[in-house]
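Q: Got a sequence here, can you build the structure:
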Amino acid sequence: MKVEIQQEVLSHIKCLYEEALPKETGGILFGYYSNDLETAQITDIYYNIPDSKKSYRSFIRGKKGFRQYSKKMWGKNKYYLGEWHSHPESVPYMSIQDKKQMLRIKQSENMKCPEPILLIIGEKNNGILLASYIFFGNEILFNELNI
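A: Residues are numbered from 1 along each chain as shown. Below you'll find the predicted structure:
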């Protein structure tokens, strides 16, 4: 299983990261799977969710508008794929809290997302880095991308 992210989405996440500094930001990933179910294609993000809470070392994603946006995406054959957030001026590596949240999503019947994806944007070696985590079966597949 691998993740492909449309360039427009990458650019948008990078801009949102820079605009939110020094606070964390984040949102929801939408897209679809390839016919062979080997590739998740991220095509859209839901962000600036009104009831989200941003601080210098945490981001709590809100829920307001999620159902309506999801219906809009379903109409385009796009589905909830996971979450994204930032680690301002820090490495984009998953915390214990991040892992627990993704495992809850994986196990949630309401979310209908047995292989959730987590994207974290941050910084490493003076560059902006995006880390992806796919919770696939009993594994967590990890990849890094300089953006």
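Q: Look up which residues are beta-bridged to the residue most central in space within the chain.
A: Residue closest to the mean C-alpha point of the chain, counted by Cα atoms, centre = their mean, is Trp84 at 2.3 Å. For Trp84, the beta-bridge partners under DSSP bridges are Gly27, Leu119.
Q: list the contacts for it?
A: By Cβ atoms under 8 Å, 6 or more residues apart in numbering, Trp84 lies in contact with Ile13, Gly26, Gly27, Ile28, Leu29, Ile45, Leu118, Leu119, Ile120, Ile121. C-betas here are computed from N, CA, C, even on glycine.
Q: Lys99 sits in which helix or strand?
A: In this structure, Lys99 sits in helix 96-107 according to DSSP states H and E.
Q: which residues touch that helix?
A: 82-83, 85, 94, 111, 113-116, 118, 120, 133, 135, 140.
Q: mean confidence score for that helix?
A: Helix 96-107 shows a mean pLDDT of 95.
Q: now swap in stretch 39-52 and tell me
A: 94.
Q: contacting residues around it?
A: Contacts of stretch 39-52 (Cβ under 8 Å, 6+ apart): 1-6, 9, 12-13, 16, 25-34, 59-66, 69, 73, 78, 81, 84, 115, 117, 119, 134.
Q: Off-centre distance for the lowest-mean-pLDDT helix or strand in the chain?
A: Every helix and strand in the chain was compared by mean pLDDT, DSSP states H and E; the lowest is strand 59-60, with a mean of 87. Chain-centre distance of strand 59-60: 12 Å, with Cα atoms, centre = their mean, to the nearest Å.
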